[in-house]
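Participant: got a predicted model here, sequence first, then my questions.
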Amino acid sequence: MSFSTTFVEVIQNKDSTVIYCLGDWTLENITKIEKLFKFDTKTKQITLNFSRLDHFDTHGIIFLIDIVKKFEKRGFTILKTGYSKEFLKLFEVCEKNFPKEYLPPPKRNSIKEFFYSIGKITFESKQTLVSFFSFVGGLTQAMIRVFLTPHKIRFKATLFHIENSGLKAMPIIFLTSFLIGVVIAFQGAVQLEKFGANIFIVEMVVISVTRELAPLLTAIVIAGRSASSYSAEIGVMKITEEIDAMKTMGFSIWNFLIIPRVFALIISLPLLVFFADVVSIFGGMVVASSKLGIGFEEFATRMQESVEIKHVLIGLLKAPIFGWIVATIGCFRGFQISGSTQSVGKYTTISVVNAIFWVIAMDAVISVVLTEIGL
Amino acid sequence: MNVVEVKEVVTRFGSNTVHDKISFNIKEGEIFGILGGSGSGKTTLLREMILLQGYNEGQICVLGKNLKELNTKQREELISKWGVLFQFGALFSSLNILENISIALREYTNLNQRMILNASLTKLSMVGLPKRSAYLYPSELSGGMKKRAGLARALIRDPKLLFLDEPTSGLDPKSAREFDTLIRVLRDTLGITVIMVTHDKDTINSILDRFIIIADGKIGFEGTYEALKKEKKVHLRDFWDS
Ligand SMILES: Nc1ncnc2c1ncn2[C@@H]1O[C@H](COP(=O)(O)OP(=O)(O)OP(=O)(O)O)[C@@H](O)[C@H]1O
Ligand SMILES: [Mg+2]
């Protein structure tokens, strides 16, 4: 059985088979060449002749080596003739490096893996919890130390973060809190009108907004903006070994990276919440005057008379706690980033989700406790 | 035939003129070096040749194509003909080493699994990486290993042109010489053209056919190692001897 194509010509006699390699045995043609090697021979000896080969590259040669090995395994003797010096050189290099056996990729057993991953997640959660507590401990200690030696506070960095995480968040907080004020007042107005209790719109808006909604909303917006950016910043610094460099130079990462961020949010959140209070009350006022005919002045007088200042103060008191939660979680998750760029995405997401969850959880706890003690 | 032609190229970053009318040619099959002090603009020049960065004036032609007049198809064609090794490897951190090496074959060719595996493992071994590193991720490799993996990735499609940014820095001397040998074998057998930025003295005198030295934004020297030794200008010779 003899045949001839663009890439191989096979000539079979009684006792020998000669395979001529023709044309370009290069990457572009290699799949076509592979398809030609499906023929069978009866002779025990095969001669590969390369004298009519035009071009070759490593892929052509690697394929050849593979073919030769397969034939030899089946008991054929392979002879090679007609090659050029270059061909031989490259052939030798490739043959030396050709994989002798295939290391299997790390094994996967789906049932085993399932239980393994449950165990792993449990163990890792415990580890994370422990390291979070130790992080909080370290942070507390570093903060105490900084308070004892106030000249170590990095004011510039703190101001930088106040600007980035606080000041620059004002437009979005303006928008969200204005809308919240409007929505609360609007929904309230519809119900209160039924009872003719229009004026209670004031208590309704002011108390709900200052005590609960403004702090919660502001903290959630800041968690979305800043927890993510803190995690990503610190994580990338870790990947590029900047943090290692700081450590070797004796710079405390607490003082340089973490405390400025934590302080920035502890300082700017109460201010932002106050801002949000004002804006959302204004939103309520706008609706009250247009829907219920309660003028701005009447609204303000009623507010002074019947809304206790404690609601505003409780809201403002929660703000630094939320700020602390967001900044601490953002930084903590940032330090968990390592190695690949994927882990940046993973831990940034986790940090935002965690921060929002813990802000809401903490809000619930405070709410219950304060109501129980009668505040 | 000239594979790369650089004509009067000017590169500025603000007021900092990094290249001031640089011209030189690289011939087919050459191992060509770009030398110069730190910050002299070697990496920048290399990046300009591989379409990663623009230049202010002048003209660069690679494989006969003017880089500023490429349409999308020509661009793709050109890119498929070169391999690049970055100064720090630049491996894809979410893929393991084997995937890093084989990704171009998977994306651009229709080779079957077995052929891809054979080719990738052969290249892995060619650059001197142990087999067990195939399933490791870049973050689990040393700097030198990353570089080798980067080279294997650059070589996977047998490029006509190979751009290397400081290939031997960060390798131990023995590996560095093996690296040189590998580059030469590839050139001798496949006829590829190699363009490299290097500081390695042994590489320079053992495998470079010709090189340029960039000094003060201009070509301070162009020629062979032998010619440089006879060079009169003291500051160029000092480049070595100090
Ligand atoms: N994106 C950029 N913006 C501004 N200046 C740049 C930029 N990239 C490079 N430069 C400047 O161009 C000059 C050349 O940089 P380049 O990275 O090419 O140096 P190099 O010769 O590769 O040095 P090395 O040997 O240290 O790698 C430097 O002075 C650098 O400051
Ligand atoms: Mg450089």
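Facilitator: Received it, and whenever you're ready, just let me know what you need. Source: prediction; values computed, not measured. Ligands and ions are numbered 1, 2, ... in the order given.

Participant: just want the phi and psi numbers for A:Gln12.
Facilitator: Torsion angles at A:Gln12 (phi, psi; degrees, to the nearest 10) stand at phi -110, psi 130.

Participant: any part of the biggest helix by length in chain B near chain A?
Facilitator: Secondary structure of chain B per DSSP state H: the longest helix is helix B:173-190. Yes - using C-beta under 8 Å from any C-beta of the partner chain, helix B:173-190 reaches chain A at B:Leu182, B:Val185, B:Asp188, B:Thr189, B:Leu190. Every residue, glycine included, has its C-beta placed from N, CA and C.

Participant: contacting residues for the fourth one?
Facilitator: Under the criterion of C-beta atoms under 8 Å, 6 or more residues apart in numbering or on different chains, the contact list for B:Thr189 reads A:Glu86, A:Phe87, A:Lys89, A:Leu90, A:Val93.

Participant: next one: the first one
Facilitator: By C-beta under 8 Å, 6+ apart, the residues touching B:Leu182 are A:Val93, B:Met126, B:Val127, B:Gly128.

Participant: which of these sits closest to A:Arg261?
Facilitator: B:Val127 (42.6 Å; C-beta to C-beta).

Participant: helix or strand right after the longest helix of chain B?
Facilitator: Remark: after helix B:173-190, the chain's next helix or strand is strand B:193-197, criterion DSSP states H and E.

Participant: what sits up against that following strand?
Facilitator: By C-beta under 8 Å, 6+ apart, strand B:193-197 touches B:3-4, B:26-35, B:42-43, B:46, B:49, B:87, B:160-167, B:183, B:186-187, B:203, B:208.

Participant: buried sites along the following helix or strand past that strand?
Facilitator: Note on strand B:193-197: by DSSP H and E, the next helix or strand toward the C-terminus is helix B:201-207. For helix B:201-207, burial by neighbour count (16 or more other C-beta atoms under 10 Å in any protein chain shown) applies to B:Thr203, B:Ile204, B:Ile207.

Participant: ditto for stretch B:207-223
Facilitator: B:207-215, B:217, B:219-221.

Participant: quick one, strands of the chain?
Facilitator: Let's take chain A. Remark: strands assigned in chain A by DSSP state E are A:3-4, A:8-12, A:17-21, A:23-25, A:45-49, A:53-56, A:77-81.

Participant: the intended chain is chain B.
Facilitator: Taking DSSP E to define them, one finds strands in chain B at B:2-13, B:16-27, B:31-36, B:57-62, B:65-66, B:82-85, B:161-165, B:193-197, B:210-215, B:218-223.

Participant: so what secondary structure elements neighbour the fourth one?
Facilitator: Read that as strand B:57-62. For strand B:57-62, the packing partners by 3 or more C-beta pairs under 8 Å, 6 or more residues apart in numbering or on different chains; DSSP states H and E come out as strand B:2-13, strand B:16-27, helix B:42-49.

Participant: now the first one: buried residues?
Facilitator: Residues of strand B:2-13 classed as buried under the neighbour-count rule (16+ other C-beta under 10 Å) are B:Asn2, B:Val3, B:Val4, B:Glu5, B:Val6, B:Val9, B:Thr11.

Participant: list of residues touching it?
Facilitator: Outside of strand B:2-13, the residues within contact range by C-beta under 8 Å, 6+ apart are B:17-28, B:30, B:41, B:44-45, B:48-49, B:55-63, B:160-161, B:193, B:195.

Participant: let me know how buried residue 179 is, in neighbour terms.
Facilitator: Reading this off chain A. Neighbours of A:Leu179 under the rule other C-beta atoms under 10 Å in any protein chain shown: 14.

Participant: I was after chain B.
Facilitator: For B:Phe179, the tally of surrounding residues (other C-beta under 10 Å) stands at 23.

Participant: enumerate every residue touching it.
Facilitator: B:Val127, B:Gly128, B:Arg148, B:Leu151, B:Pro167, B:Thr168, B:Leu171.

Participant: mind checking how far the nearest residue to the last one once chain neighbours are set aside is from B:Ile26?
Facilitator: Think B:Leu171. Among residues not flanking B:Leu171 along the chain, B:Gly144 sits closest, at 4.8 Å (C-beta to C-beta, 6 or more residues apart in numbering or on different chains). B:Gly144 sits 27 Å away from B:Ile26 when distances are taken as C-beta to C-beta, to the nearest Å.
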